[in-house]
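*Asks:* Sequence and predicted structure below; questions after.
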Amino acid sequence: MSLFKARDWWSASLGEGEEFDQGCLCVGNVDNSGNGHDKVVVGSYMGMLRIFAPQASKSGEGGVTDTQLLEVQLQNAIIQVEVGKFVSCSDLLHLAVLHPRKLSVYSVSGTAGNVEHGDQYQLKLVYEHNLKRTACSMTYGTFGGVTGHHSVCIQSMDGMLMFFEQDSYSFGRFLPGFLLPGPLVYNTRTDSFLTVSSARQLESYKYETLAVATEAESRQDPDLPPKTGGKKLTPDWTFILGEQALDLSVPSFSHSSASIFILGERNLYCLRDNGQIRFMKKLEYNPSCFLPYASVMDGTTNLLLGNHTNMLLVYQDVTLKWAAQLAFVPVAVRVANFPELKGVVVSLSSDGHLLCSYMGTDPSFFSTPKVDAREADYEQVDAEMKKLQKFIREATRTQDILPKSDAETDLTVKAAVSSSMDTPSQAVIPDTDGLSVPSVTVQVKIKASCVLQASKLMVSVQAPLAVTKDQFVLESMGVGSSTVVSFSVFLNGRYPPADLSGDITVSYSSPTELNPEGVPRVLQSKFSLPLLLVCTPSPPAKTSKFKISVDTNQPPVNLNTIFPEFLVKSEDKDGNAVAFQFLSGASVTVVASKTSQRYRVQSDSFEDMWLVVKELLHRFDQHFSKLGVKDFRKSFSGPVPLQDYFLSVDNHFQLRLTAQQYQDLLSERAVQFRAIQRRLLTRFKDKTPAPLQNLDTLLDATYSQVITLAEAAEENHTLLEEAFVRLRSATHLLVLLLSLWQNLTPDQSSILEAALLPLLQDTPQLGWEESCDAAVTHLLRTCLSRSPKDQAASLAQIGSPLLGLPRDTTRLKKHITLLCERISKGGQLTLASETNVQVPAHIQNLAAPGGVEPIAEGAGEGEELELPQDATKFLKKKQPSKKVKKVKEKEKREVSREQPEETRGAEEPVKEARREKKESRSKEEPKKESKKESSSSKEKKESSKEKKDKDREGKETSKEAVEKKASRKSSVKVKEMKNEPHAEDG
């Protein structure tokens, strides 16, 4: 806020409900009085024209009516008013008023009054022009260098410049590339017109260029005969602003400071007459209007600038000289000379507040009274401090901005799922493959313990499940009131869902004393749907493609007691087998062993077993908890069905590739379709008809291809959604089996599930494969890394790759397999270890070049991973010297002596495995591998004699293996090693 305010000299409020804008204000000696003092002319969008002669108000005498010379109601809205020499053969000033469809020129004359009413003023129409196009703005000047009178240029809403010389119309020209009208101004010094186009650039057009350009009618009216002899209209120069301009101004008070000023939305520009920039000022506020008014020093210009914070700023070029506070946002600013005061700032607001003010301050006669100096009573200050602190604590404790968190919650939500299916069913699809689709009713009871407002309830279920109604608007609830909402859930697809749970979200507002409108709160609740909603009983199948066995530590249980609702078609009276037929999937059979404590789940679909296995284990827990068994345990003996799981991964990935191919083909056909359209349009517009050359046939064929590809892409998208749901089911099943296999805790199972299932749905930008690969890679580098050193190296790395659609799923499968192996070898899934590892300095230096560090795998696992190219270059360049190597060798010997015997024994098989790898590599391609071994031995020296001996042995074995045949198994290993450089030695 400014320290100084604009001093009010005269003000007036113009009407009620009227609107004003930038062109509605002008000042000048419109009545041609002898003293030459300015008058203020104001026109409104309501058609009201007012003329004022402001003067300093004296207390008790007159008011606005004394200073108002004229007030006339015109028939049309007033867009802009200007004062100039608009009548030929007359040097007097006249008033030009621009209406949307008319330009009127008036003369204002005054008659001295002989009575107390004072002088009388009249408005007489001199001439007018009816416009064929809707006007936007106008400018005037001595066009073409003609002196003695002013011509008028009007800009229409469709980009036409119409030129008038007094009472006659000269010509009209259309601006090239016009979209929306911008500010327009005439530069007298260069006889050119300046405007800002929709391309956000300043354009300059010479009047001579406009006069000889193509006629406007010949471009817009195709029915008229073509006219020749005109030239194409092009700007003399342009300047790119990069933003929309609010106003233009070309001051002419000094030739030494010849400049063009442009007020943008965020910047103030000053250009020379040739379009070269003089300076630019970045504004930290939203401007509303401006006016260059004087040149105090040679080469500088003073200007007034109003903004939307009710400020009027005075700049000298880019230097702020003064700031004054106004009572409104100005939309137009002018400087006028009145009899009693020169240089008055006239400002107008959008609602009709007209103010004449001046800059300055009033002296203040206030003096600060002297304060008697006295010694402070520290005991009294301490007591007052304690009292204030007590007040602050009580206010903090009892503040009521947010609802109080009592023991009882504001709202309780209970969802009850019906034990029986609906009759009749509410499903949209009545049957699937001959099986009727059931629906189940869910009742939600909402009870409020306080006043609730604007309550809404939303229901969400996993696809392809659907609900009859997913949103409910609840009425305002008082204390103790309750309401019940019910809806039905059913299967609305050709495949089973990945989860039978649903979410209920209630949003409401709880009013308080300080916030009566209410504080927004959200409450969530879950409900579980029965398995009978998606499957029906069926006879058990004897043979199946996929099988899973689950072991328990309790005697076998009769499955008829576990699944009583699936006894309708079961032929097994002993209760050791029960089958589930999914409505749109395969049949799943559960068989209980008669001799052991094992249960086998089998089906022809790997994904469909997930819901049955989950429900089976859940009902086992409920059954044995009712019997009072506390040590009930369940386990999975393996092996983990990774190959079966990878079938779902490959199916989903193949559909993603197909979707990408469809997208590329659609883009190509769309480009071809638009190209054919352009050619046909050119042929149709041509005045001399030419044969189409089968372009219409090609257009129809391309259109048919686009429609066919779009339908195929849509069908593939539906299949992709189904594949992702099946992949989610398979992933849930894999996580469950791994948890049973290694007896993982719930926290570890949650980490594993978050890594293998990072997305709830696929998007074109980010898919499951790349997200899962990144998450699994992170686990392998951190909590499942081979050693703390490798973990520190991975944590010290800088930068990460961009996630994108991979070429294939080989890398992902390899990482998931490695994840399972690390877990089976005792790897701990935890997120706490990442923060406890200290990163050594030399590890940080290795990770400095950036890129992705390799996953450190255990020796003998048959795989080697890649180092980034930047890291390998870095390692090649930064080889340690011989002295450094000797020092490191001594340090490693001392460390090896301090190691326990167990670790030394564990290193022996690792060394043997590395030697076998190098021997197999030398057997496959002896000549090439001998060169690689010699180069790799130089790059991968780690200053230990053991590794130097290995390199020498590798060279010797490569020479001896020239005449030997490579085995098939070793050749496969060599091919894998070629693709990925050795990561263990680096």
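*Replies:* Cool, got the structure.
*Asks:* how about low-confidence regions in the protein?
*Replies:* 1-3, 57-64, 113-118, 216-230, 254-257, 361-374, 397-408, 568-575, 787-801, 832-986 (pLDDT under 70).
*Asks:* centroid residue for it?
*Replies:* Closest to where the C-alpha atoms of the chain average out (C-alpha atoms, centre = their mean) is Q765, at 13.3 Å.
*Asks:* for that residue, what are its contacts?
*Replies:* Taking C-beta atoms under 8 Å, 6 or more residues apart in numbering, we find Q765 in contact with no residue. To be clear about C-beta, it is placed using only N, CA and C from the backbone, and glycine gets the same treatment.
*Asks:* try the one 3 residues further on
*Replies:* If a contact means C-beta under 8 Å, 6+ apart, then W768 has H652, F724, L727, L757, P758, L759, D762 as its contacts.
*Asks:* Provide the backbone phi and psi angles at the residue nearest to the centre of the chain.
*Replies:* phi -90, psi -30 (degrees, to the nearest 10).
*Asks:* on that earlier part again, check the contacts of W768 and tell me the two furthest apart.
*Replies:* H652 and P758 (14.1 Å; C-beta to C-beta).
*Asks:* the more surrounded of the two?
*Replies:* H652 (24 against 16; other C-beta atoms under 10 Å).
*Asks:* Quick check: that one touching L719?
*Replies:* No. The criterion here is C-beta atoms under 8 Å, and H652 misses it with L719 at 9.8 Å.
*Asks:* Relative to P424, which of the contacts of W768 is nearest.
*Replies:* Of all the contacts of W768, F724 has the smallest distance to P424: 32.0 Å, by C-beta to C-beta.
*Asks:* Domains of the chain: list them as residue ranges, please.
*Replies:* Residue ranges for each domain of the chain read 5-215+233-360, 411-531, 535-616, 642-794+801-824, as given by the TED database.
*Asks:* what would these look like in TSV with distance to E375?
*Replies:* Listed next are the domains of the chain as TSV, based on distance: least, C-beta to C-beta, whole Å:
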stretch	distance to E375
domain 5-215+233-360	42
domain 411-531	42
domain 535-616	80
domain 642-794+801-824	64
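*Asks:* To D382, which of these lies closest?
*Replies:* So among those, domain 411-531 is nearest, using C-beta to C-beta, at 32.2 Å.
*Asks:* got a list of what P251 touches?
*Replies:* P251 neighbours (C-beta under 8 Å, 6+ apart): S257, S259, F261, P292, Y293, S295, T301.
*Asks:* Kindly recompute the last result at 6 Å.
*Replies:* If a contact means C-beta atoms under 6 Å, 6 or more residues apart in numbering, then P251 has P292 as its contacts.
*Asks:* three-state assignment of it?
*Replies:* P251 falls in the coil class when you classify it by DSSP: H, G, I helix; E, B strand; the rest coil.
*Asks:* measure it to K825 for me?
*Replies:* Separation of P251 from K825 (C-beta to C-beta, to the nearest Å): 83 Å.
*Asks:* what helix or strand is I676 on?
*Replies:* helix 642-685 (DSSP states H and E).
*Asks:* count of neighbours near the closest residue to S357 other than its chain neighbours?
*Replies:* Nearest non-adjacent residue to S357, counting by C-beta to C-beta, 6 or more residues apart in numbering: A6, 3.9 Å away. Applying other C-beta under 10 Å, we find 23 residues neighbouring A6.
*Asks:* if we can go back for a sec, give me the distance from the helix holding I676 to the chain's centre.
*Replies:* Counting by C-alpha atoms, centre = their mean, to the nearest Å, helix 642-685 is centred 26 Å from the centre of its parent chain.
*Asks:* just stretch 156-171 next, same as before
*Replies:* 46 Å.
*Asks:* C-terminal to the helix ranked longest in the chain, what's the next element?
*Replies:* Longest helix in the chain by number of residues (criterion: DSSP state H): helix 695-742. The C-terminal neighbour of helix 695-742 among helices and strands, as given by DSSP H and E, is helix 746-756.
*Asks:* Tell me the helix or strand right after that next one.
*Replies:* helix 768-781.
*Asks:* and the direction of that following helix versus that of helix 695-742, what angle?
*Replies:* Orientation of helix 768-781 against helix 695-742 (axes from the mean of the first three to the mean of the last three C-alpha atoms, to 10 degrees) gives an angle of 30 degrees.
*Asks:* Would you mind getting the angle between helix 768-781 and helix 746-756?
*Replies:* Going by the same axes, to 10 degrees, helix 768-781 makes 130 degrees with helix 746-756.
*Asks:* for helix 768-781, the distance to its chain's centre please.
*Replies:* 25 Å.
*Asks:* For the nearest residue to P235 once chain neighbours are set aside, list the residues it contacts.
*Replies:* In space, P235 comes closest to E203 once its chain neighbours are excluded; the distance is 4.1 Å by C-beta to C-beta, 6+ apart. E203 makes contact with T195, S197, P235, T238, according to C-beta under 6 Å, 6+ apart.
*Asks:* three-state assignment of the third one?
*Replies:* This means P235. coil.
*Asks:* excluding its backbone neighbours, what's nearest E340?
*Replies:* A56 (5.3 Å).
*Asks:* gap between that neighbour and D8?
*Replies:* Taken as C-beta to C-beta, the span from A56 to D8 is 10 Å.
*Asks:* Give the buried residues for stretch 554-568.
*Replies:* P556, V557, L559, N560, I562, F563, F566 (16 or more other C-beta atoms under 10 Å).
*Asks:* same thing with stretch 676-695?
*Replies:* Going by neighbour count (16+ other C-beta under 10 Å), the buried part of stretch 676-695 is I676.
*Asks:* residues making contact with it?
*Replies:* Outside stretch 676-695, the residues touching it (C-beta under 6 Å, 6+ apart) are L698, L699.
*Asks:* change it to 8 Å
*Replies:* So stretch 676-695 is in contact with D696, L698, L699, T702, going by C-beta under 8 Å, 6+ apart.
*Asks:* related to what we said a few turns ago, mind checking how far the longest helix of the chain is from the chain centre?
*Replies:* 26 Å.
*Asks:* got the angle for it vs helix 642-685?
*Replies:* 160 degrees.
*Asks:* Count the residues that sit near S252.
*Replies:* 11.
*Asks:* One more: D747?
*Replies:* 11.
*Asks:* A454 too?
*Replies:* 14.
*Asks:* next helix or strand past the one helix or strand it maps to?
*Replies:* Secondary structure assignment for A454, by DSSP H and E: strand 453-461. Sequence order places strand 465-467 as the next helix or strand after strand 453-461, per DSSP H and E.
*Asks:* Identify all residues paired with the residue nearest to P235 through a beta bridge.
*Replies:* Note on E203: beta-bridge partners by DSSP bridges are T195, T238.
*Asks:* do E128 as well
*Replies:* S104.
*Asks:* In contact with it, which residues are there?
*Replies:* The contact partners of E128, taken as C-beta under 8 Å, 6+ apart, are K102, L103, S104, V105.
*Asks:* of these, buried ones?
*Replies:* L103, S104, V105.
*Asks:* Just confirm the last one contacts K124, I think it does.
*Replies:* Read that as V105. No. Using C-beta under 8 Å, V105 is not in contact with K124, being 10.0 Å away.
*Asks:* What about the residue nearest to S357? Give its phi and psi, please.
*Replies:* phi -70, psi 130.
*Asks:* any idea how far V345 is from it?
*Replies:* In terms of C-beta to C-beta, A6 sits 7 Å off from V345.
*Asks:* Just want the angle from the helix or strand where S509 lies to strand 453-461.
*Replies:* Following DSSP H and E, one finds S509 within strand 501-510. Angle of strand 501-510 versus strand 453-461, following the same axes, to 10 degrees, is 170 degrees.
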